[in-house]
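Chemist: please find the sequence and the predicted model below.
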Amino acid sequence: MIKALQRLQRLLGSRHEATADPQVLDAWAEARGHRLKRVRNADGRVVEFDWEGRRGRLEWGPSKRAYLVGQELRVCIEAGLPQHLEMLLMSRSLAQRLDSQAYQTLVQDQQTGIDTTLPEEVRWLSMLERVPVPSTVAGYVMLSSSPPHAQRWLEGDLLSRVSRAAHNWLGDDAPLVLMTLRGRIYLRTEAQVTEATVLDGACNLAEAAAASARQLMTKAAAVTVAREVSGSRLSNASRLDEPSVMEIPMDSDIMALGMPSRIGPHADINV
C-alpha cells in the first residue's frame, strides 16, 4: 500500500522551486493588520487573522499535497461547523486527473479498497455523492455526504465568488480545493507568486465559504427549534386534534444537521 501511495504521488506531479518574493506576502499581511509568523526553515510564511471572532490562518510554502505542484497557498478558518458536515468543491480538471490516476494505481497494484493514507479530498472522490452545480461554475465538481446541504452552501455569494475567482485571480484551469472538514473551512491552490490579488482572493473566497456554511447551520438550527416547538404543542393537544404522521411535514436532511461543538482556540489547523 505504501508503494501504491508513492506511485500515486509521482503520477500527480513533481515539485519545483517557487519564483515568488516572500516579502510581498509580508507587506500584504502588515497592510491588512494580520499577524505574520515566519516558519523555522524560512521557506514559507504563516499569517494569522480573525474572521467573525474566530481564528483564521493563511499558509504559503512548499506543497503538502502531491496533486499541487511547487508552492501551495492554504487557508483555514475555524468556522465552528458540525463535525460531520462534509462538502467539497474541486476544479473539474483536477478531479478528473485524480480519478484517473487513482484508478490506474488501484489497477496496477490490484487493490480492492480505498487507501486510507490518502488525504480526505482524494478519498472523497470515490466515497461521496456528486452534486450538480450551476452552469456558471461548470469548471468545478461538488461532492458531499449530504447533497441538499451542499447545494444550499454554494448558493448566493459563494457561487458568485467562485465564478469570479475562476475568471480573475485564480484562472480557469487552476487547481482549487474548497472543503468543510472537522468543523473548518479549507482552501488549497497552487501559488507560484504571492500577489496581493491572489492572497486577497483566496482569503475572501474562504471567508465566503465559511459565511455560507454558517448561514446554512443557523437556518437548520432555526428549523430544528421550530420543529421542537411544534412537537411540544402537538403533545399538549387532545388526541382528537392531533394530526396523523403523514400530515406532519418532514425535512430529514435539515433535521440531520445538528449544532456544532466549539473547537478549542489551540487546536491544530494544519492538515
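Modeler: On my side now, so go ahead. Numbers count the residues shown, from 1 in each chain.
Chemist: ok, now how distant is the nearest residue to L81 once chain neighbours are set aside from W124?
Modeler: In space, and not counting its chain neighbours, L81 is closest to G183: 4.7 Å by C-beta to C-beta, 6 or more residues apart in numbering. (Glycine included, C-beta is placed from N, CA and C.) For G183, the distance to W124 (C-beta to C-beta, to the nearest Å) stands at 16 Å.
Chemist: what about D173, how many neighbours?
Modeler: As a burial measure, D173 scores 11 neighbours (other C-beta atoms under 10 Å).
Chemist: out of everything not next to it in sequence, what's closest to it?
Modeler: Spatial nearest neighbour of D173, chain neighbours left out: S93 (5.6 Å); criterion: C-beta to C-beta, 6+ apart.
Chemist: before we move on, what about T180?
Modeler: Using C-beta to C-beta, 6+ apart and skipping the chain neighbours, the partner closest in space to T180 is M87 (4.8 Å).
Chemist: ok, the one you found - contacts?
Modeler: Contacts of M87 were listed using C-beta atoms under 8 Å, 6 or more residues apart in numbering, and they are M142, L143, S144, S145, S146, H149, A150, W153, M179, T180, A213.
Chemist: wait, which of those is closest to R97?
Modeler: When those are compared for distance to R97 (C-beta to C-beta), L143 wins out at 15.4 Å.
Chemist: returning to that earlier point: between G183 and W124, who's got more neighbours?
Modeler: Per other C-beta under 10 Å, whichever of G183 and W124 has more neighbours is W124, with 22 against 19.
Chemist: can you confirm that one is in a helix?
Modeler: Yes. Counting by DSSP: H, G, I helix; E, B strand; the rest coil, W124 falls inside a helix.
Chemist: and the residue nearest to L81, what are its phi and psi?
Modeler: Phi and psi for G183, reported as degrees, to the nearest 10, are phi 80, psi 0.
Chemist: try E121
Modeler: phi -60, psi -30.
Chemist: let's see the pLDDT reported for it.
Modeler: Note on E121: pLDDT of 89.
Chemist: what of P22?
Modeler: 82.
Chemist: quick thing: my sequence starts at 462, can you match it?
Modeler: Sounds good: first residue 462 from here, last item P483.
Chemist: and it, how many neighbours?
Modeler: Neighbours of P483 under the rule other C-beta under 10 Å: 16.
Chemist: likewise for the one 3 residues further on?
Modeler: L486 sits with 25 neighbouring residues when counted by other C-beta under 10 Å.
Chemist: what strand or helix carries it?
Modeler: Here L486 sits within helix 483-492, counting by DSSP states H and E.
Chemist: after that helix, which helix or strand is next?
Modeler: strand 496-499.
Chemist: now do that following strand: everything it contacts.
Modeler: Contacts for strand 496-499 (C-beta under 8 Å, 6+ apart): D487, A490, E491, R506, V507, V508, E509, F510.
Chemist: please report how far the residue nearest to L542 lies from E539.
Modeler: 7 Å.
Chemist: can you map out the strands along this protein?
Modeler: Using DSSP state E, the strands of the chain run over residues 496-499, 506-512, 515-523, 532-538, 548-552, 590-592, 601-605, 637-642, 645-651.
Chemist: okay if I get the ones you listed as TSV plus mean pLDDT?
Modeler: Output for the strands of the chain, formatted as TSV (pLDDT from 0 to 100):
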stretch	mean pLDDT
strand 496-499	86
strand 506-512	95
strand 515-523	95
strand 532-538	96
strand 548-552	96
strand 590-592	95
strand 601-605	96
strand 637-642	96
strand 645-651	97
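Chemist: would you mind putting those into JSON lines with distance to S624 alongside?
Modeler: Below are those laid out as JSON lines (distance: least, C-beta to C-beta, whole Å):
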{"stretch": "strand 496-499", "distance to S624": "31"}
{"stretch": "strand 506-512", "distance to S624": "22"}
{"stretch": "strand 515-523", "distance to S624": "22"}
{"stretch": "strand 532-538", "distance to S624": "19"}
{"stretch": "strand 548-552", "distance to S624": "12"}
{"stretch": "strand 590-592", "distance to S624": "17"}
{"stretch": "strand 601-605", "distance to S624": "9"}
{"stretch": "strand 637-642", "distance to S624": "12"}
{"stretch": "strand 645-651", "distance to S624": "16"}
